[in-house]
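# Below are the sequence and a predicted model; questions follow.
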Amino acid sequence: MTRNRLVLFHLALAAMLATCGIGAAAIDVVWDGASYLPVPVKLGSDTRLVMPEAFDDAWEHDEQVSATLLDARTLIIRPRAARIEQRLTMRGRASGTLYLARVSSSLPYAPLVTVQGPLLRPAASTDSSGEASVTSLLKGMMLGAPPPGFKVEKTSRVLLDAAPYRIVAEQVWQSPRTSGVIARLHSTLPARQLPLVPANIQIHIAQLGMLRAMAADAYQLGPDATSTRIYLVYGH
């Protein structure tokens, strides 16, 4: 092969690798228990997300992505649009750890994201104002352990009563800037399989502020499990 042909060959190979995303580097993430896990995606390419344990997942806008479980710990994500910016919630089946991920096309693309951890750090439980972070409040509600400064009150307020859901609040956790609600979600179609998609459940409580996050003990209801506990975080 002549030198000119060799140069053209390498240029073509580099262009092909760039187009296919093969040249992109894999990334390892050690989760700190509070930050969003960065999950870069690119139209026409797959991103493989490997978690430290088996998990259940829920998407805010699942119509924007194709997500397939390769195994209990690995999710293959392929976007259906060029611009993607959404949140993925995952709950570890063994530990109960709540993982929040940012799935975004604006992040530098990587075909493989391997999550190590979680590595919990004392500073991760509050934000810069000293308030409990969204993640730490969700964890606290799941564990029944209020963060410092929160007042817990019982309630039986009906938050939503429209098929296929009926949601009744059980507790309200309040601090000056952040609030949490623990509620029981019931399926009104107990004979059917009903996936829980947080983006489809918008519960507005004006006095608590904007809905920041939602998590659940189970993301799939059916004849064997017609209800689940859910956790809502609001902030001003």
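Received it, and whenever you're ready, just let me know what you need.

# Could you check the pLDDT of A25?
Note on A25: pLDDT of 66.

# got a list of what the residue lying closest to P198 once chain neighbours are set aside touches?
Once flanking residues are discounted, P198 sits nearest to M214: 4.3 Å by Cβ to Cβ, 6 or more residues apart in numbering. Using the backbone N, CA and C atoms, a C-beta is placed for each residue, glycine as well. Going by Cβ atoms under 8 Å, 6 or more residues apart in numbering, M214 touches T89, P198, I201, I230, Y231, L232, V233.

# could those go into TSV alongside pLDDT?
Converted to TSV, those look like this (pLDDT from 0 to 100):
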residue	pLDDT
T89	85
P198	71
I201	80
I230	92
Y231	90
L232	91
V233	90
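
# ok, of these, which come out buried?
Buried members of the contacts of M214, scored by 16 or more other Cβ atoms under 10 Å, are T89, P198, I201, I230, Y231, L232, V233.

# do you know how far the second one is from S133?
Remark: distance between P198 and S133 (Cβ to Cβ, to the nearest Å) = 18 Å.

# quick one: the helices in this protein?
Along the chain, the stretches classed as helices by DSSP state H are 3-20, 134-143.

# which one of those helices has the lowest average pLDDT?
Among the helices of the chain, helix 3-20 scores lowest, at a mean of 42.

# and the residue most central in space within the chain, what does it touch?
By Cα atoms, centre = their mean, the chain has its centre lying nearest to T89, at 1.8 Å. Contacts for T89 (Cβ under 8 Å, 6+ apart) come out as D57, A58, W59, L98, Y99, L100, A101, P198, A213, M214, A215.
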